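Undergrad: My questions are about this predicted structure, shown below with the sequence.
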Amino acid sequence: MVRAALQTHGRLNRGPRKGVTIIPAASVIAFSALALLPVVAERGGWPDFGFLMLIAWRLLRADAWPAWWAAPLGFANDLLVGTPIGFSVALWTAVMLAMDLVDRRTEWRDYWIEWAMAAVLILAAEAAEWKVAAWSGAPVPFTHMLPSIIVSILAFPLFAFIASRLDRWRLGQ
Amino acid sequence: MAAPAGPRPGWSRRAQYSLFFGFIAAIAGLLVGLFMLVLSLVAPASYSAVRGAALDVTAPIRVGLSEVAATFEGLVSGAGDYWDAARQNEKLKAERTALRRHLIRAQAILQENGQLKAALNLRERSRESVAVGRIVGSSFESPRRFAVLSVGSSDGVAPGMPVRTADGLVGRVTEAGRIASRVLLVSDRSNIVPARILRTGVPVISTGRGDGTVDIRPLEVGRNPFRRGDIIVTSGTGGLYPPLVPIARVIRLDDDGALGRPMADPSQASFAMVERQFEPEALAVAASAEGDR
């Protein structure tokens, strides 16, 4: 009995996992790589998985990665998804900088405010994608983007959940 | 919950500096990203090497995943075929007799055509395909319509070449890596195909709408020349696409044009053929137009 009481049950001596600092960035690249799925869709109305993971991590923690990591992550996303090179680099870095400003301004943060901020970021990102598509010769009407925007906003809580579970797992809590 | 404390490093001079330089690096990243974006909008060809390399690196994953998906789909649809085999058998038999009649008529027309061409002393242009590949992916996250094909420049594929299936036109190659290439689909907003109505021969222009359909407009203003069910074929004008490849079937008329659904459905087609450009000079023109865009 004494011996049983001395057993740790796996609750003690638990620290962060190996590679704790790169797990968030690696998860963003993994979600960008979902663009490799063999889905041949007639219309593109799917959420940008990499971008959703990025903002989920950034809203969860300010120190998931240094802000400038967004540039190489965006470059990887551009190569995997096939968007014009530089689009995600600029957009994702801009999101990191904007969130730094928002963090200085906001006093209070709860579930709904986070979701609203994510919705604003998603809307801005999809509008930027729409504008860049128009500049590169494909001016689709903005209504084409609405399904993608709505699906992305509705899917955001799922990504926030994945990010928070990954965060707990990587910190070994 | 209070907002996260954010990057406030306290009194450590080292931490303050690293935060500051991280901030500078982020701004530099933003500027570099904007520069790269402008470059890829103004001169898309400047990234062809790196984008081709990215296609090549990801091609094995794409091909593997698409094979897994095809196997799974085959299992499901195979089971479905067994489910009502008797009815399908009956329908197929009826279709076969109808097709046989069509075939005989087509053979007669072919023979007559050959005789007429011989009489006119026309030289038949041989139309062989460069490579045959599988469509292993698409740009399902973006408003643009691209597909990824599992053949590349090692198979002879080059940017500008038309891609088709047995059913009709798929699009044209825009980027070619060694073992994979990216295809601009007919339904992309920026893909404009000179075409004509098969029934009447009226010249029209087909433009993608970005949602899996194409917008078809007549070249000449006047009465709406379309009828529901009309087949739109390429005209060969411009020299990029070979003539008489089916593009779309008209599904709806509007004021001065029509809405069509592409004949070749990239998600259903298991194989796509890359063909040589119809007029070789057109490729150079298209390449320079790509560079200008």
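TA: Perfect, thanks for sending it. Numbers count the residues shown, from 1 in each chain, chains lettered A, B, ... in the order given.
Undergrad: Quick one: residues in contact with stretch A:112-126.
TA: Stretch A:112-126 is contacted from outside by A:48, A:51-52, A:55-56, A:59, A:91, A:95, A:98, A:102, A:106, A:145, A:148-149, A:152-153, A:156-157, A:160, using C-beta atoms under 8 Å, 6 or more residues apart in numbering or on different chains. From N, CA and C alone the C-beta is placed, and that goes for glycine too.
Undergrad: what about that stretch, average pLDDT?
TA: Averaged across stretch A:112-126, pLDDT comes to 94.
Undergrad: same deal with stretch A:19-32?
TA: Stretch A:19-32 shows an average pLDDT of 92 in the prediction.
Undergrad: out of the contacts of stretch A:112-126, which touch chain B?
TA: Filtering these for proximity to chain B (criterion: C-beta under 8 Å from any C-beta of the partner chain) leaves A:48, A:91, A:106, A:145, A:148.
Undergrad: Next up, the contacts around the first one.
TA: Put plainly, it is residue A:48. Counting by C-beta under 8 Å, 6+ apart, residue A:48 has contacts A:81, A:125, A:129, A:152, B:141.
Undergrad: In the sheet, which residues pair with the residue nearest the centre of chain B? Tell me.
TA: Centroid-nearest residue in chain B, with C-alpha atoms, centre = their mean: residue B:185, separated by 2.4 Å. Beta-bridge pairing for residue B:185 (DSSP bridges): residue B:171.
Undergrad: For it, give me its contacts.
TA: B:138, B:145, B:146, B:147, B:170, B:171, B:191, B:208, B:262, B:266.
Undergrad: Using CSV, please lay out these together with neighbour count, secondary structure and pLDDT.
TA: What follows is the contacts of residue B:185, written out as CSV (neighbours: other C-beta atoms under 10 Å in any protein chain shown; DSSP: H, G, I helix; E, B strand; the rest coil; pLDDT from 0 to 100):
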residue, neighbour count, secondary structure, pLDDT
B:138, 26, strand, 88
B:145, 30, coil, 89
B:146, 19, strand, 91
B:147, 25, strand, 91
B:170, 29, strand, 92
B:171, 27, strand, 92
B:191, 23, coil, 91
B:208, 26, strand, 91
B:262, 25, strand, 91
B:266, 24, coil, 82
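Undergrad: Can you report how many residues lie near residue B:165?
TA: Around residue B:165 there are 21 other residues, counting by other C-beta atoms under 10 Å in any protein chain shown.
Undergrad: and whichever residue of the stretch 151-293 of chain B sits closest to chain A, how many neighbours does it have?
TA: Using C-beta to the nearest C-beta, the closest approach of the stretch 151-293 of chain B to chain A is made by residue B:212 at 3.0 Å. Counted by other C-beta under 10 Å, the residues lying close to residue B:212 total 19.
Undergrad: what does the stretch 151-293 of chain B have sitting close to chain A?
TA: Counting by C-beta under 8 Å from any C-beta, the residues of the stretch 151-293 of chain B close to chain A are B:182, B:187-190, B:208-212, B:265-267, B:293.
Undergrad: quick one: which of the residues you listed is nearest residue B:129?
TA: The closest of those to residue B:129 turns out to be residue B:266 (C-beta to C-beta; 16.7 Å).
Undergrad: Show the residue spans covered by the helices in the stretch 51-200 of chain B.
TA: Using DSSP state H, counting those that start in this stretch, the helices of the stretch 51-200 of chain B run over residues B:85-120.
Undergrad: now it, which segments are flagged as low pLDDT?
TA: Applying pLDDT under 70 to the stretch 51-200 of chain B flags the ranges B:121-127.
Undergrad: mind running it again at 80?
TA: Along the stretch 51-200 of chain B, segments meeting pLDDT under 80 span B:77-84, B:117-128.
Undergrad: List the residues that contact the closest residue to residue A:42 other than its chain neighbours.
TA: Among residues not flanking residue A:42 along the chain, residue B:212 sits closest, at 3.0 Å (C-beta to C-beta, 6 or more residues apart in numbering or on different chains). Contacts for residue B:212 (C-beta under 8 Å, 6+ apart) come out as A:42, A:43, B:145, B:187, B:261, B:262.
Undergrad: ok, now how distant is residue B:97 from residue B:166?
TA: Distance from residue B:97 to residue B:166, counting by C-beta to C-beta, to the nearest Å: 22 Å.
Undergrad: Mind checking which of these two has more residues around it?
TA: For residue B:97 versus residue B:166, neighbours defined as other C-beta under 10 Å are more numerous around residue B:166 (11 against 8).
Undergrad: give me every residue that touches residue A:85.
TA: Neighbour list for residue A:85: A:75, A:78, A:79, B:36, B:37, B:39, B:40, B:47, B:50, B:51 [criterion: C-beta under 8 Å, 6+ apart].
Undergrad: hmm, which of these are the buried ones?
TA: A:75, A:78, A:79, B:36, B:37, B:40, B:47, B:51 (16 or more other C-beta atoms under 10 Å in any protein chain shown).
Undergrad: ok, stretch B:22-37 near chain A or not?
TA: Yes: under the criterion of C-beta under 8 Å from any C-beta, chain A is reached by stretch B:22-37 at B:22-23, B:25-30, B:32-37.
Undergrad: remind me which residues of chain A are low pLDDT?
TA: Within chain A, the stretches with pLDDT under 80 are A:1-15, A:42-45, A:107, A:173.
Undergrad: Looks to me like residue A:42 is in a strand.
TA: No: Residue A:42: not assigned to a strand; according to DSSP: H, G, I helix; E, B strand; the rest coil it is coil.
Undergrad: picking up where we left off before, among the contacts of residue A:85, which one sits closest to residue B:159?
TA: Taking C-beta to C-beta as the measure, residue B:159 sits nearest to residue B:51 out of the contacts of residue A:85, at 10.9 Å.
Undergrad: residues making contact with stretch A:155-167?
TA: Residues contacting stretch A:155-167 (C-beta under 8 Å, 6+ apart): A:23-24, A:27, A:31, A:47, A:52-53, A:55-57, A:59-61, A:64, A:114-115, A:118-119, A:122.
Undergrad: Drop anything exposed from those.
TA: Among the contacts of stretch A:155-167, those classed as buried by 16+ other C-beta under 10 Å are A:23-24, A:27, A:31, A:47, A:52-53, A:55-57, A:59-60, A:64, A:114-115, A:118-119, A:122.
Undergrad: Touching, residue A:52 and residue A:31? I think so.
TA: Yes: Residue A:52 is within contact range of residue A:31, at 7.2 Å (criterion: C-beta atoms under 8 Å).
Undergrad: Let me know the distance separating the residue of the stretch 151-293 of chain B closest to chain A from residue B:189.
TA: With distances taken as C-beta to C-beta, residue B:212 is found 12 Å from residue B:189.
Undergrad: which neighbours do these two share?
TA: Common neighbours of residue B:212 and residue B:189 (C-beta under 8 Å, 6+ apart) are residue B:145.
Undergrad: ok so the residue nearest to residue A:42 is a helix residue?
TA: No: counting by three-state DSSP, residue B:212 falls outside a helix, being coil.
Undergrad: most surrounded residue in the residues of the stretch 151-293 of chain B next to chain A?
TA: Counting neighbours by other C-beta under 10 Å, the top entry in those is residue B:210, with 28 neighbours.
Undergrad: ok, now how distant is it from residue A:17?
TA: Residue B:210 is 43 Å from residue A:17, where distance means C-beta to C-beta.
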